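Enquirer: Sharing a sequence plus its predicted fold:
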Amino acid sequence: MSSTLPVLSGEGLVLAERRGSLGLITLNRPQALNALSLSMIRDLTALLLAWRDDPAVQVVLVRGAAREGKGVAFCAGGDIRFFHQAALAGDPRLEDFFTEEYTLNHLIHGYPKPYIALMDGIVMGGGMGISQGAALRIVTERTKMAMPETNIGLFPDVGGGWFLSRCPGRVGEFLALTGQVIGAGDAIAWGLADGYVPSEALDGLVEALSVDADAVSLLARARSCLHDAPRPVLQAHGAIIDRCFAGSEVAAILAALDREADSPWPAEIVATLRKRSPLMLAVTLEQVRRARRMTLAEDLRMERDLVRHCFHLRPGAASETVEGIRALAVDKDHAPRWNPPRIEDVTPAMVQAFFASPWPAHAHPLNGLR
C-alpha cells in the first residue's frame, strides 16, 4: 500500500509521516508549547481528510514535539497572542481561526479510523479540542490537563461545553469555571482520558504501532501498552464539588463553597473564582448547562456564537477576552480590569446576549456540521 501526503503549509509546524499502517502527526511548535496557529489547524485538517480516505493509513496518532529547556506539552491551546493582535486590528483571520478550529474538532470526534492522542505534558484549551474526540486518549505522569479559558475572559470552547458537561456529577461545572489543572488519575476517573502510559514508554508505543496491520489490531496493540493509572487526587473532593457546583448561578456556587467550613480546599476555590471574569463565569455556567442537552454539532455552533460575541459584543480593548489576554500574556501584569468587576453585578441580560446567534441558521459558519 502507498499513500501520498497532502500539501501542507510549509511552515514545518505540523510534521507527518506514515510508518507502516500508522499515520503519525507531530505538532512541531515546542517553543510555544505546540499552541495552535491557523496554519497548523489547516494542516491538521488537510492530513485528516487525506488519511480518512486512504486505505494505506489504518490508525492516526498525534503527539507533541518537545524542546530542551521548554516545558513538555502536547498542545497548550490556541495562539492567544494572535487573538489579541487580531481582535485589536480587526484581522478577519480571527473569524477563520475559530470556524476552522471547531470544524477540525468535529472532524476528530467523528473520525472513521482510530485516532490516538498522546496527551503528554500540558494539554489545555485547543489541545483538548484535538484530543477529546480521540478513540484512545493516553495520559502520562507529566500530564497537566485543563480548560483554563475563564482565566483570560473566555469560556471553555473547542467542544468544551459538550465534553465537560458529560463528566460525572458537577465536575464539568467545576472544571469549566475554575480552569483547575488535573493530572492523569483524575483525567481518567472523570472520563477525560482512557489510559495511562509512563512518558518514558511513549516512543516504544509509537514503535509498536509502526507496522503493517489493520485498525482493530493496531488499536488492540495500543491498548496492550497501557499501564495501571495513578490514583486520582481531586476526586476526593467529589462530594463538595457535586454539592456546591449544582448551584443555579455563580453567586449560589460561591455561597455554597463558603458554607463548606470543614475543609480549607473550598476557600481556595472561592479565591480562584474571585479572580476570574464575573461575566464570563456566568456565561460559562450557562454554556455547560445548555450543552448537557445538546449534540456535539449543536454545542459547537453555540460556542461559535459565543466566541463571536466575546470579541464583538464589546469590540477591541473593551472585550473581556482581549483584556484577559492583555493581563496574562501581553502586559503580564496579572491585573485584569473586568467589567463588571463583581459577580454580584452580572445581570441575566448581560449573559443572555451571548447566546443570541449573530447568524440566521442557514448562514451559520458551522451550519454543515451534523
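Expert: Structure's in. What do you need?

Enquirer: what sits against residue 95?
Expert: Listed by Cβ atoms under 8 Å, 6 or more residues apart in numbering, the contact set of residue 95 reads 308, 365. The C-beta positions use only the backbone N, C-alpha and C, and glycine is treated the same way.

Enquirer: Are we agreed that it is in a helix?
Expert: Yes - the assignment for residue 95 is a helix, going by DSSP: H, G, I helix; E, B strand; the rest coil.

Enquirer: pLDDT at it, what is it?
Expert: Looking at residue 95, its pLDDT stands at 97.

Enquirer: neighbouring contacts of stretch 311-322?
Expert: Residues contacting stretch 311-322 (Cβ under 8 Å, 6+ apart): 83-84, 87-88, 94, 152-154, 277, 279-280, 310, 323, 326, 338-339, 353-354, 358.

Enquirer: Just the ones of those in helices?
Expert: 83-84, 87-88, 94, 279-280, 310, 323 (DSSP state H).

Enquirer: Okay, buried residues for stretch 284-293 please.
Expert: Residues of stretch 284-293 classed as buried by neighbour count (16 or more other Cβ atoms under 10 Å): 284-288, 291.

Enquirer: returning to what we had before: could you identify the buried members of the contacts of stretch 311-322?
Expert: Those of the contacts of stretch 311-322 that meet the buried threshold are 83-84, 87-88, 94, 152-154, 277, 279-280, 310, 323, 326, 338-339, 354, by 16+ other Cβ under 10 Å.

Enquirer: quick one on the thing from earlier: could I get the ones in helices among the contacts of stretch 311-322 as JSON lines with distance to residue 36?
Expert: JSON lines is the format used below for the ones in helices among the contacts of stretch 311-322 (distance: Cβ to Cβ, whole Å):
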{"residue": "83", "distance to residue 36": "11"}
{"residue": "84", "distance to residue 36": "15"}
{"residue": "87", "distance to residue 36": "17"}
{"residue": "88", "distance to residue 36": "20"}
{"residue": "94", "distance to residue 36": "13"}
{"residue": "279", "distance to residue 36": "26"}
{"residue": "280", "distance to residue 36": "21"}
{"residue": "310", "distance to residue 36": "17"}
{"residue": "323", "distance to residue 36": "22"}
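
Enquirer: so where do the strands sit in the protein?
Expert: Under the criterion DSSP state E, the chain contains strands at 14-19, 22-27, 59-64, 73-75, 115-119, 122-124, 136-139, 144-146, 195-196.

Enquirer: between those, which gets nearest to residue 255?
Expert: Comparing the strands of the chain by their distance to residue 255 (Cβ to Cβ), the top pick is strand 144-146, with 24.9 Å.

Enquirer: tell me the pLDDT at residue 116?
Expert: 98.

Enquirer: Flag the shaky bits of this structure, pLDDT-wise.
Expert: The model of the chain has pLDDT under 70 over residues 1-4.

Enquirer: can you do 80?
Expert: Applying pLDDT under 80 to the chain flags the ranges 1-4, 261.

Enquirer: about what we covered before: closest one of the buried residues of stretch 284-293 to residue 130?
Expert: Closest to residue 130, out of all of the buried residues of stretch 284-293 and judged by Cβ to Cβ, is residue 291, at 18.6 Å.

Enquirer: where's the residue nearest to the closest one when sequence neighbours are not counted relative to residue 72, distance?
Expert: Distances taken as Cβ to Cβ, 6 or more residues apart in numbering put residue 161 closest to residue 291, at 3.1 Å, once the chain neighbours are dropped. Distance, residue 161 to residue 72, using Cβ to Cβ, to the nearest Å: 28 Å.

Enquirer: same thing with residue 355?
Expert: Distance from residue 355 to residue 72, counting by Cβ to Cβ: 37 Å.

Enquirer: neighbour count winner among those two?
Expert: When residue 355 and residue 72 are compared for neighbours, residue 72 comes out ahead with 19 against 14, by other Cβ atoms under 10 Å.

Enquirer: give the contact list for the closest residue to the more buried one other than its chain neighbours.
Expert: Leaving aside its chain neighbours, residue 72 sits nearest to residue 121 (3.2 Å; criterion: Cβ to Cβ, 6+ apart). Applying Cβ under 8 Å, 6+ apart, we find residue 121 in contact with 33, 64, 66, 71-74, 140, 142-144.

Enquirer: got it, and residue 96?
Expert: Going by Cβ under 8 Å, 6+ apart, residue 96 touches residue 38.

Enquirer: same deal with residue 294?
Expert: 161-162, 302.

Enquirer: What is the neighbour count of the closest residue in space to residue 157 that isn't next to it in sequence?
Expert: Beyond its immediate neighbours in the sequence, the residue positioned closest to residue 157 (Cβ to Cβ, 6+ apart) is residue 303, lying 4.7 Å away. A count of neighbours around residue 303, defined by other Cβ under 10 Å, yields 24.

Enquirer: Thanks a lot, catch you later.
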